[in-house]
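Chemist: Give me the fold of what follows.
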Amino acid sequence: RCGFLSAGENLTMVFTLKEWGANSKAFSVKNMSNTVAEFLDASEYLKDFHSSSSLNFRRASKESVQPHDYMLSIYKTFSTAEKLGLNASFFSSSKAANTVTSFVDSGQDDLPLSPLRRQQYLFDVSSLPKKAEVLGTELRIYTKVSGNFQIPETDPIDIQLLSCHDKQLLGSKTLDLQDSSGPTWKVLDVLKIFKEHRGKRFCLELRAVLDKPERELDLHHLGLHRHGRPQLKKAILVVFTRSKMRQNLFSERREGRALLDLHMRTKERGPGTTASRKRRRAAPRSRHGKRHGRRSKSRCSKKPLHVNFRELGWDDWIIAPLDYEAYHCEGVCDFPLRSHLEPTNHAIIQTLMNSMNPSNMPPSCCAPSKLSPISILYIDSGNNVVYKQYEDMVVESCGCR
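Modeler: Okay, the predicted model is just below:
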């Protein structure tokens, strides 16, 4: 068996974090980098990419779990950047998030016919890793100001966030009705509040206050009521994190799906499944040539390897992509080693010893010398939609090790 070593740089995400304030704008995919947006808009590749099969998002196993448009836009933006081969250093930053988790408001519905002075937003954030570094937190609220609601332009509306526990004022932001004539998502930067009041559940209470005279407004007029709101219009808490630990897809699979689920699914497929699964595993041999081993006569090089998450049975929790090209390394590392294979000194010595005495020394291994990440949108163990960049998912080049 050969040990694989990654020498590639990883594509990271950049988010500009701004302090809470009346004039501050919370960071989003649209304004995180004007250069990226202009570059993507100018590319004809986007037309083909957004209509490709990889973006035919499949609803998760639970009907209630649906990705908000904001999470889809994050996935589309960065997966497109990866496919266009943008330089990893372009996205590098001392404050770069590699994971974005969205938590949907689970608060109790309000009464439709009663005045709504305050609205509570409740988020179950227990699935958020404790060791993950939180770089940004947004509260995104869908609003639609009633056409019958009018106040003088000189009277500002103050949107205030309070603690659900002790009603302490945590922050505020001025609402400009001139920019709220139509349906829109209001974005509030709650990073500081989240860090100070983080627990298994994160609760915020919102009220709208008119200064002159000071009074609490009915939130129905501002479209901030919850009753009758569809799932995709519910408020979401978006948390941007960076994990220092290298994670793999198997750890995510174990967290959300027990081995019993896999066993039950195998039984439900009935007889003959094992044979068909063996045929699927054997199929790549005919498509991509021979497997690793002594029969392979070609030099070490990168070969195709198409991964289909449906065939793996992972499409019940992976939203996108449902398939991608991973590639693999195959071929012999014989003497003399070619320079483009970038062999290590140890591989050179081992290959030389193998050429002198093949029975006592195996040849060096053909393995990935550079790997790159891909973007994955999936459902975690808490039924939250998560965007994450997984490292070492695509072989960029092969070498002898």
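
Chemist: hey, where'd the helices end up in the stretch 201-350 of the chain?
Modeler: Secondary structure of the stretch 201-350 of the chain, counting by DSSP state H, counting those that start in this stretch: helices at 249-256, 259-269, 273-288, 309-312, 345-356.

Chemist: Run through who's touching the last one.
Modeler: The reference is to helix 345-356. Outside helix 345-356, the residues that touch it by C-beta atoms under 8 Å, 6 or more residues apart in numbering are 333-335, 337, 343, 360-364, 399-401. All C-beta spots, glycine's among them, are computed from the backbone N, C-alpha and C.

Chemist: May I ask which two of those are separated the most?
Modeler: Spatial extent of those (C-beta to C-beta) is set by the pair Asn360 and Gly399 at 23.8 Å.

Chemist: okay, the two: which has more neighbours?
Modeler: Gly399 (24 against 8; other C-beta atoms under 10 Å).

Chemist: what residue ranges in the stretch 201-350 of the chain score low on pLDDT?
Modeler: 212-213, 227-228, 245-297, 337 (pLDDT under 70).

Chemist: Okay, strands next: where are they in it?
Modeler: 201-210, 215-216, 236-242, 301-303, 306-308, 318-320, 323-325, 328-330 (DSSP state E, counting those that start in this stretch).

Chemist: Of those strands, which is nearest Leu161?
Modeler: strand 201-210 (5.2 Å).

Chemist: Quickly run through the sheet partners of that closest one, with directions.
Modeler: strand 118-124 (antiparallel), strand 157-163 (antiparallel), strand 215-216 (antiparallel) (DSSP bridges).

Chemist: May I see the buried residues of the first one?
Modeler: Meaning strand 118-124. Residues 118-119, 121-124 are the ones in strand 118-124 that count as buried (16 or more other C-beta atoms under 10 Å).

Chemist: just curious, which of these is nearest to Ile141?
Modeler: Among those, and counting by C-beta to C-beta, the member closest to Ile141 is Tyr121, at 7.8 Å.

Chemist: Quick check, that closest one in contact with Leu204.
Modeler: Yes. With contact defined as C-beta atoms under 8 Å, Tyr121 reaches Leu204; the gap is 4.9 Å.

Chemist: burial of Ile141, as a residue count?
Modeler: 22.

Chemist: Contacts only, for it.
Modeler: 121, 185-186, 188, 206, 224, 235.

Chemist: Then His68?
Modeler: 102, 104, 140, 232, 236, 385.

Chemist: And the pLDDT for it?
Modeler: We have a pLDDT of 90 for His68.

Chemist: Quick check on it: phi, psi?
Modeler: phi -70, psi 160 (degrees, to the nearest 10).

Chemist: cool, Lys173 as well?
Modeler: Dihedral angles (degrees, to the nearest 10) for Lys173: phi -150, psi 140.

Chemist: And it, how far from Lys76?
Modeler: 28 Å (C-beta to C-beta, to the nearest Å).

Chemist: Same question for Gly171.
Modeler: If you go by C-beta to C-beta, the gap between Gly171 and Lys76 works out to 31 Å.

Chemist: Tell me how many other residues crowd Ala97.
Modeler: Neighbours around Ala97, by other C-beta under 10 Å: 25.

Chemist: List the buried residues of stretch 321-328.
Modeler: In stretch 321-328, counting by 16+ other C-beta under 10 Å, buried: 321-324, 327-328.

Chemist: Determine which two of these are furthest apart.
Modeler: Taking C-beta to C-beta, no two of the buried residues of stretch 321-328 sit farther apart than Leu322 and His328, at 19.6 Å.

Chemist: can you pull the contacts of Gln120?
Modeler: 107-108, 164, 203-206.

Chemist: And those, which is closest to Gln66?
Modeler: Gly107 (18.0 Å).

Chemist: Now, of the contacts of His68, which are buried?
Modeler: 102, 104, 140, 236, 385.

Chemist: Just those: which are in helices?
Modeler: Assignment to helices by DSSP state H places none of these there.
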